[in-house]
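[1] my questions concern the predicted model and sequence given below.
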Amino acid sequence: MAGRNYVAAIGPSYHLDDRKAAVQTAINCYLEQVEGLGETRILTQVSAPGLLQYLDLGAEIRGQRNVEGRWFVVAGSVLYEIVAGAAVSRGVLITSSGTVGMAHNNTQLVIVAGAIGQIFTLASNALSTITSAGWRGSYTVDFIDGYMIFVAPDADQFYITAIDDASTIDALDFTSADAQPDNIVATLVLRRELILLGAYTTEIWINSGGALFPFARYNGVQIDIGCVGRGAAIVATESIFWIGQTRKGTGIVYRMAGHAAQRVSTRAMEELLAKSSDLTAATMWTYQVEGHEFIGITAPGMNTTLVYDAAMQQWHERAEWVDGWAPLRTTSVCFTNGAQYAGDAAGKIYKVDNETYTLGDDPLVRERTWPHLVKSSMEPITFNSLEMACTTGHGGNVTLELSNDGGFTFGPKLMRSLGAVGRWMQKVRWQMLGTAHDRVFRIRCSDPVPFNIHAVAIDD
């Protein structure tokens, strides 16, 4: 390095336990591809959306669903319909905690929570309990070709309802996903295929129109990778994403490519998943915004929420700063009324908003830690100045922290202004930054202002 050099200030989260090997972070910011021809900047680092409080329902948001334009939310023991920004009670559920499974047909919304299954009739707004002799309990419910599909808890069997009538269940309408001896953990439907994720294997079933039972295993397809828990699988980007498990190990994130499992997690993300105190309790959410479809993963014991950006095929993290990082509060996301709405365990619903730079009443802290800056010769580098091209002219400040020990410890925060309102060309520059053999820079912006990084240059 000599003279002015552009550095790798824009990138994903990829930090290893061996911090001397990889240390970069992207927390509450992600990669954006600049698609316009002729632009000098190909990638930018974009601020993640904030959370604008919309409603407070006072109890854990256990699930939410858009039912052909009607928005239903389960909060605690109450089923609400959100109408014109107000929560209207549609009945009291028998259960009051834990995630619910939700699916609908043309006339009914089905809600399941283990031993209890309930049906909300859309025309009459009446809530009833499933009492059919064929009901065996289920934590999941899916809809395909008129049938509601349930999974018997702690078993390898799934069973179905009558067509277009979730209250009628024939006790003989069941079968087993028994290609291998493992229980069904999660179920999903994609392209009229029923995906049965077991503890160690995955099977694909289709409606074959059989006279005795309509579903059959598709061409004997079996994927020798299962799922860690019932909340650890989701449909996104016209595919299935899940945290895998085999009899040899666990903690790799896969995407279904055709009928094969494709690894999408990196070694860095797998190290973070391995730190979970209970990976079987992992949960996932997904939403789409401005050409990106994000898949988020939260698990007990992790400090951040891991987020895969399917558009860029890169990972970043979402988190909240509370004397240290904590996972993002979001537990579910629902697209309705032209916007994305996130629920949390405290009973609040937020609008996911690109023009909000807070998380409710808390700051949205954007952090970018750059990779190691080391000369190939291992000689020390003198950093005369650093200039960052970023969003300015909205007020607020940004801080720079320096580490000379490979990112293990950082010095004091060096604050610079992002420019008063209207000062669009404000220069953000630090000078006389000393000498180091291995320098790591960390940028943070905590103020409620736009903050995107476009490029960084260093003079040495």
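    Structure's in. What do you need?
[2] break down the stretch 151-300 of the chain into its helices, ranges please.
    Here the stretch 151-300 of the chain has its helices, by DSSP state H, counting those that start in this stretch, at 267-274.
[3] so how far is D459 from G434?
    13 Å (Cβ to Cβ, to the nearest Å). To be clear about C-beta, it is placed using only N, CA and C from the backbone, and glycine gets the same treatment.
[4] so between these two, which is more surrounded?
    The residue with more neighbours, out of G434 and D459, is D459; 17 against 13, by other Cβ atoms under 10 Å.
[5] contacts only, for that one.
    Shown in contact with D459 (Cβ atoms under 8 Å, 6 or more residues apart in numbering): G3, R4, N5, F383, N384, S385, L386, E387.
[6] read off the pLDDT value for the first one.
    The per-residue pLDDT reported for G3 equals 69.
[7] likewise for the fifth one?
    What the model reports for N384 is a pLDDT of 93.
[8] sec struct for F410, please.
    Under DSSP: H, G, I helix; E, B strand; the rest coil, F410 falls in the coil class.
[9] gap between it and F383?
    When F410 is compared with F383 (using Cβ to Cβ), they lie 15 Å apart.
[10] where does the record place the domain boundaries for this structure?
    The chain breaks down into these domains under automatic domain parsing: 4-48+367-459, 51-364.
[11] give me the distance between the two termini of the first one.
    According to Cα to Cα, to the nearest Å, domain 4-48+367-459 extends 4 Å from its N-terminal end residue to its C-terminal end residue.
[12] what touches both of G434 and D459?
    In contact with both G434 and D459: F383, using Cβ under 8 Å, 6+ apart.
[13] which stretches of the chain have low pLDDT?
    By pLDDT under 70, the low-scoring segments of the chain are 1-3.
[14] what do you get if the cut-off is 90, keeping everything else the same?
    For the chain, the stretches with pLDDT under 90 are 1-8, 35-42, 177-181, 211-212, 219-222, 322, 374-380, 406, 459-460.
[15] would you mind writing the CA trace of stretch 29-45 as CSV?
    Listed in CSV are the C-alpha atoms of stretch 29-45, where the atom choice follows Å, rounded to 0.1, in the frame of the first residue of the first chain:
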residue,chain,number,x,y,z
CYS,A,29,-26.7,-3.4,7.1
TYR,A,30,-26.5,-5.4,4.0
LEU,A,31,-25.0,-5.5,0.5
GLU,A,32,-26.8,-3.7,-2.4
GLN,A,33,-25.9,-4.3,-6.1
VAL,A,34,-25.7,-1.1,-8.1
GLU,A,35,-27.3,-2.3,-11.4
GLY,A,36,-27.1,0.9,-13.5
LEU,A,37,-24.5,0.7,-16.3
GLY,A,38,-21.7,3.1,-16.1
GLU,A,39,-21.8,3.7,-12.3
THR,A,40,-18.4,3.7,-10.7
ARG,A,41,-19.6,1.9,-7.5
ILE,A,42,-20.8,-1.6,-8.0
LEU,A,43,-21.7,-2.4,-4.4
THR,A,44,-22.9,-0.3,-1.5
GLN,A,45,-23.6,-1.1,2.2
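[16] show me what counts as buried in that stretch.
    C29, Y30, L31, E32, L43, T44, Q45 (16 or more other Cβ atoms under 10 Å).
[17] so how far is whichever strand or helix holds the third one off the chain centroid?
    Right, L31. If you go by DSSP states H and E, L31 is part of strand 29-33. With Cα atoms, centre = their mean, to the nearest Å as the basis, strand 29-33 stands 16 Å off its chain's centre.
[18] quick one, what contacts the closest residue to I27 other than its chain neighbours?
    Nearest non-adjacent residue to I27, counting by Cβ to Cβ, 6 or more residues apart in numbering: E367, 4.2 Å away. Applying Cβ under 8 Å, 6+ apart to E367 gives the contacts T25, A26, I27, N28, C29, R442, I443, R444.
[19] how does it look with 10 Å?
    13, 25-29, 317, 319, 321, 325, 399, 401, 442-446 (Cβ atoms under 10 Å, 6 or more residues apart in numbering).
[20] pull the contacting residues for the closest residue to M312 other than its chain neighbours.
    Spatial nearest neighbour of M312, chain neighbours left out: L31 (4.7 Å); criterion: Cβ to Cβ, 6+ apart. Applying Cβ under 10 Å, 6+ apart to L31 gives the contacts 10-12, 43-46, 292, 309, 311-316.
[21] name the member of those residues with the most neighbours.
    H316 (27 neighbours).
[22] report the secondary structure state of that one.
    H316 - assigned by three-state DSSP - is strand.
[23] please renumber so the chain begins at 43
    Sounds good: first residue 43 from here, last item H358.
[24] what sits opposite it in the beta ladder?
    V349 (DSSP bridges).
[25] list the contacts of it.
    By Cβ under 10 Å, 6+ apart, the neighbours of H358 are 53-56, 67-73, 87-88, 90, 336, 346-351, 410.
[26] how close does it get to D60?
    Relative to D60, and taking Cβ to Cβ, H358 is found at 20 Å.
[27] I265 now?
    Distance from I265 to D60, by Cβ to Cβ: 32 Å.
[28] between those two, which one's more packed in?
    Set I265 next to D60 and count neighbours by other Cβ under 10 Å: I265 wins out with 18 against 10.
[29] that one contacts A219, correct?
    No - I265 is not in contact with A219 according to Cβ atoms under 10 Å; the separation is 11.9 Å.
[30] circling back to that earlier point, quick check: what element follows the strand holding L73 along the chain?
    Taking DSSP H and E, what comes next after strand 71-75 is strand 85-89.
[31] export the next helix or strand along the chain from that following strand as PDB, just CAs?
    Downstream of strand 85-89, the first helix or strand assigned by DSSP H and E is strand 92-98. Extracted in PDB, the C-alpha atoms of strand 92-98 (Å, rounded to 0.1, in the frame of the first residue of the first chain):
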ATOM      1  CA  GLY A  92     -36.200  -0.100  11.100                       C
ATOM      2  CA  LEU A  93     -39.300  -1.100  13.100                       C
ATOM      3  CA  LEU A  94     -42.100   1.500  13.400                       C
ATOM      4  CA  GLN A  95     -44.600   0.500  16.200                       C
ATOM      5  CA  TYR A  96     -48.000  -0.100  14.800                       C
ATOM      6  CA  LEU A  97     -50.000  -1.900  17.500                       C
ATOM      7  CA  ASP A  98     -49.500  -3.200  21.000                       C
END
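[32] so what does the helix or strand just after strand 92-98 touch, helix or strand wise?
    Downstream of strand 92-98, the next assigned helix or strand under DSSP H and E is strand 103-109. Contacts defined by 3 or more Cβ pairs under 10 Å, 6 or more residues apart in numbering; DSSP states H and E place strand 103-109 against strand 112-117, strand 120-125, strand 143-146, strand 150-155, strand 372-378, strand 381-386, strand 390-395.
[33] repeat that for 8 Å
    strand 112-117, strand 143-146, strand 150-155, strand 372-378, strand 381-386, strand 390-395 (3 or more Cβ pairs under 8 Å, 6 or more residues apart in numbering; DSSP states H and E).
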